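[1] Predicted model follows, preceded by the sequence.
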Amino acid sequence: MNNFLKQSWAGLRILLALTVLLGVLYPLSVWGISRIPGLHANAEATGTTLVAVAREGDQYFVPRPSAATLPASGGSNKSEINEDYTKVVAERRTEIARREGVPENEVPQDAVTASASGLDPHISPEYAALQVPRVARASGLSVEEVRELVASATHGTFTTTVNVTALNRAIDSAS
Amino acid sequence: MSPLVAGLLQVGILLTALAVVYRPLGDHMARVFSAQGHLRVERAIYRFARINPDAEQKWSTYAYGVLGFSFVSIVFLYVLQRVQSVLPWNFDRGNVSEGMAFNTAISFVANTNWQSYVPEAVMGHTVQMVGLTVQNFVSAAVGLAVAVALVRGFVRHQTDRLGNFWVDLVRGTIRILLPIAFIGAIVLIAFGVTMSLKSGVDVDGQVVANAPVASQEVIKELGTNGGGVLNANSAHPFENPNEWTNLIEIFLILVIPVSLTRTFGRLVGNPKQGHVLLGVMGVIWTAMLAVIWTAEANGIRPLEGKELRFGIPGSAIFADATTGTSTGAVNSLHDSYTGLGGGATLLNMLFGEMTPGGVGTGLYSILVMAIIAMFLAGLMVGRTPEYLGKKLGRKEVTAAAVSILAMPTVLLIGAGIAAILPSTQGALNNPGEHGLSEILYAYASASNNNGSAFAGITVTNDWFQSSLGLCMLFGRFVPIVAVLALAGSLAAQKKVPVTAGTLPTTGPLFATLLTGSIVLVAALTFVPALALGPIAEALL
């Protein structure tokens, strides 16, 4: 016991010293470096397109369903054997098919499933294509113009995705 | 690009990067723990702590050091959370409740980083930086220190000295973790990870929480910690914005546990001894990746709980890396995985976190398992087993057995009680077999110091906060004390000369024996429980 207390006492002093180094100097130095102009926008997420939130109005592309309670992030954590949730997914599919005027079997997976963060900025090219006619109608842009905006918001090295946030802002500027 | 090609390409890039740093980092770590001199900043810390860095310790003093340091760390972190309301940058996130603060303090000190809290609502920036970030570093450094002490047990002869815990702790932090974390944080920011002292940012009229993410994100992965700065963890675009940061983060998770096998080989004077451990880790890790990936690609709702930018391969690789090490960060929600895919992430933890395991913990866990494997082989041929020139007698095998048995004991007792408590029913997020899997996963994660979750389960009641807290505590420190006792008795021995009867531990026979032991021990212990949860679900 005596040795334990002795070691704890040394441990407390080591902890305090390391807390100054790792808990104050280290994060504040990283923060300081993040103020460099080239990095600053990333660090503060100013005007970010990294996250998507749903926007009111038919002139916008709809992101994936979200289980997050903003400002916090989060997903549904629902398993595929959860029958209640299977009903929720089916209702989403019906609703989207009605909204876009397409058969239910054309609604892609990403449109009806909640992302892990609840802030997923991306939708699949298929889901974007599905929404083009409605967006064109409501925004007053031509289908061709909207398709071009979709194309310029489509990226990805390993997985091709469409950034909804960037796309909706492009629609704001175009219409 | 088809998902298969895209996934294989990502695995290829990842393995190439690991192969490139394997030798330099492994050799660097070996030098750090054998060097004689001290850096100026280290000397200043030793002077402040009033310790003599050149005085070596017996195993018991070394163990008291680990326990004493962890004890004061838990108290410090608990108090810090309990007084959050008076700390700066708290954004009206008040004092953390008693149960949550208790659980979180143990969790971060035990390198588990289980999260019963929603960071955006509970933890202010000061607690995250001054409390949680510090433990992200030092709990990993404790793991490194214990691993190195065990290796010294094999390398040294007829001595009762294992090194100095404070020196190992400080060097692991300052010479290994801190430099990589510092550079890594800047790289992550350049790739889009955020680093803000504000509470949130406006996105198209709604506020999304922000935080000093990058500095904590990098050590969260590098130290195989896993506690998210934000609730969605590495699924959150601020923590993991794109395919490249995803690969960088997976790399950070794996780099130290993998390279430590090189460090081990160097320290015992034969790199092949490390290669064989790495081979065993790699075989199991790859097999589990194949299971998770295939299962998820064939799910009913494969994209539920996954981010589109990572897709299924990017999610599966991360899931395998985070559960095969004791990290517990997630870039997708394992709770929404298929019976088979989710079951595989669970099994990855039940292997005892040694494929390749956490920082330090992975190495000492697989060495303990190697002792068990040699013991079993010795039983088969009726010969006293040896490993790395040391006899494995009653004392050594007992210590190894205690170390291996601690995790299943606390896990099964905790999960068993939780499963019959009436209050548990209301805590579950999914019905039937999957509900049981949520309970099993929680206790597996806590007892193995992983920290990931089938996160639908609500673990904020007093039973879960305290029982999971105790599982983390015993799952961490019982093996550590057993491993240090083992190191002590190994170091006291003479070196046994290699004879014709010595089983070589660098070849395929030993690798098979070790792989078999890892799989068998986990299977014999956990198949009954798994049969009722993920196995039943997969067969539905």
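    It's in. Numbering: from 1, shown residues only, chains lettered A, B, ... in the order given.
[2] quick one: the helix or strand of chain A at the bottom of the mean pLDDT ranking to chain centroid distance?
    The helix or strand with the lowest mean pLDDT-type score in chain A, counting by mean pLDDT, DSSP states H and E, is helix A:37-44 (a mean of 91). Between the mean C-alpha point of helix A:37-44 and the mean C-alpha point of its chain there is a distance of 19 Å (C-alpha atoms, centre = their mean, to the nearest Å).
[3] Following element in sequence after that helix, please.
    Taking DSSP states H and E as the definition, the helix or strand that follows helix A:37-44 towards the C-terminus is helix A:83-100.
[4] That next one near chain B at all?
    Yes - taking C-beta under 8 Å from any C-beta of the partner chain as the criterion, helix A:83-100 and chain B are in contact, through A:Glu83, A:Val89. (C-beta placed from N, C-alpha, C; glycine too.)
[5] I would like the residues contacting the least confident helix or strand of chain A, please.
    Helix A:37-44 is touched from outside by A:31, A:33-35, A:46-47, B:186, B:189-196, B:198, B:201, B:210, B:214, with contacts defined as C-beta atoms under 8 Å, 6 or more residues apart in numbering or on different chains.
[6] 10 Å - rerun?
    Residues lying outside helix A:37-44 but in contact with it, judged by C-beta atoms under 10 Å, 6 or more residues apart in numbering or on different chains, are A:30-31, A:33-36, A:46-48, A:50, B:186, B:188-198, B:201, B:210, B:212-214, B:238, B:241.
[7] Distance check, the residue positioned nearest the centre of chain A against B:Phe310.
    In chain A, the residue lying closest to the centroid (C-alpha atoms, centre = their mean) is A:Asp120, at 2.2 Å. According to C-beta to C-beta, to the nearest Å, A:Asp120 and B:Phe310 sit 10 Å apart.
[8] per-domain residue ranges of chain A.
    As recorded under automatic domain parsing, the domains making up chain A are A:2-44, A:83-174.
[9] Okay, now the unreliable bits of the chain?
    You didn't pick a chain, so chain A it is. Scanning chain A with the threshold set as pLDDT under 70 gives A:1.
[10] For it, identify the residue most remote from the centre.
    Using C-alpha atoms, centre = their mean, the residue of chain A lying farthest from its centre is A:Asn2. It sits 53.5 Å away.
[11] Run through the residues that contact it.
    Taking C-beta under 10 Å, 6+ apart as the criterion, A:Asn2 is in contact with B:Tyr64.
[12] ditto for A:Gln7
    Under the criterion of C-beta under 10 Å, 6+ apart, the contact list for A:Gln7 reads B:51, B:57, B:61-69, B:71-72, B:165-166.
[13] which of the residues you listed lies closest to B:Val11?
    When the contacts of A:Gln7 are compared for distance to B:Val11, the smallest value, 35.8 Å, is given by B:Val66; criterion: C-beta to C-beta.
[14] which parts of stretch A:17-36 are buried?
    A:Ala17, A:Leu18, A:Thr19, A:Leu21, A:Leu22, A:Gly23, A:Tyr26, A:Pro27, A:Val30, A:Trp31, A:Ile33, A:Ser34 (16 or more other C-beta atoms under 10 Å in any protein chain shown).
[15] any common contacting residues for A:Asp120 and B:Phe310?
    Residues touching both A:Asp120 and B:Phe310 comprise A:Thr161, B:Ala235, with contact defined as C-beta under 10 Å, 6+ apart.
[16] Distance check, A:Val150 against chain B.
    Distance from A:Val150 to chain B, counting by C-beta to the nearest C-beta, to the nearest Å: 15 Å.
[17] what's A:Thr160 in contact with, if anything?
    For A:Thr160, the contacting residues are A:His122, A:Ser124, A:Pro125, A:Thr154, B:Met1, B:Ala6, B:Leu308, B:Gly311, by C-beta under 10 Å, 6+ apart.
[18] Narrow those residues to just the buried residues.
    For these, a burial check counting by 16+ other C-beta under 10 Å picks out A:His122, A:Ser124, A:Pro125, A:Thr154, B:Ala6, B:Leu308, B:Gly311.
[19] These in strands, which ones?
    By the criterion of DSSP state E, membership of the buried ones among the contacts of A:Thr160 in strands covers A:His122, A:Thr154.
[20] Output stretch B:368-386 in CSV with nothing but the alpha carbons.
    Once non-C-alpha atoms are left out, stretch B:368-386 reads as follows in CSV (Å, rounded to 0.1, in the frame of the first residue of the first chain):
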residue,chain,number,x,y,z
VAL,B,368,0.5,-14.3,-23.6
MET,B,369,-1.4,-16.3,-26.1
ALA,B,370,1.8,-17.6,-27.5
ILE,B,371,2.7,-18.9,-24.1
ILE,B,372,-0.7,-20.6,-23.9
ALA,B,373,-0.1,-22.1,-27.3
MET,B,374,3.4,-23.4,-26.3
PHE,B,375,1.9,-24.8,-23.1
LEU,B,376,-0.7,-26.7,-25.1
ALA,B,377,2.0,-28.0,-27.5
GLY,B,378,4.1,-29.0,-24.4
LEU,B,379,1.2,-31.0,-23.1
MET,B,380,0.8,-32.8,-26.4
VAL,B,381,4.5,-33.9,-26.5
GLY,B,382,5.0,-34.2,-22.7
ARG,B,383,7.8,-31.7,-22.5
THR,B,384,8.2,-28.5,-20.4
PRO,B,385,7.4,-25.8,-22.9
GLU,B,386,9.8,-23.0,-23.7
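[21] what's the average pLDDT for that stretch?
    Per-residue pLDDT over stretch B:368-386 has a mean of 93.
[22] what do you get for stretch B:435-446?
    For stretch B:435-446, the mean per-residue pLDDT is 97.
[23] how distant is it from the center of its chain?
    Here the centre of stretch B:435-446 is set off from its chain's centre by 17 Å, with C-alpha atoms, centre = their mean.
[24] That stretch and chain A in contact?
    Yes - counting by C-beta under 10 Å from any C-beta of the partner chain, chain A is contacted by stretch B:435-446 at B:Gly435, B:Ser437, B:Glu438.
[25] if I pick the residue in the stretch 351-500 of chain B that chain A sits nearest to, what's in contact with it?
    The minimum distance from the stretch 351-500 of chain B to chain A, using C-beta to the nearest C-beta, falls at B:Gly456 (3.1 Å). When contacts are counted by C-beta under 10 Å, 6+ apart, B:Gly456 is found next to A:75-79, A:82, B:305, B:333-336, B:427-430, B:434-435, B:438.
[26] cool, A:Asn82 as well?
    Applying C-beta under 10 Å, 6+ apart to A:Asn82 gives the contacts A:76, A:88-89, B:301, B:304, B:335-336, B:429-432, B:434-435, B:456.
[27] Kindly write the PyMOL command that selects the buried subset of those residues.
    Here is the PyMOL command that selects the buried residues among those (16+ other C-beta under 10 Å):
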select buried, (chain A and resi 76+88+89) or (chain B and resi 301+304+335+336+429+430+432+434+435+456)
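[28] tell me which of the contacts of A:Asn82 is nearest to B:Lys391?
    Distance from B:Lys391 was checked for each of the contacts of A:Asn82 by C-beta to C-beta. The minimum falls on B:Asp335, at 46.5 Å.
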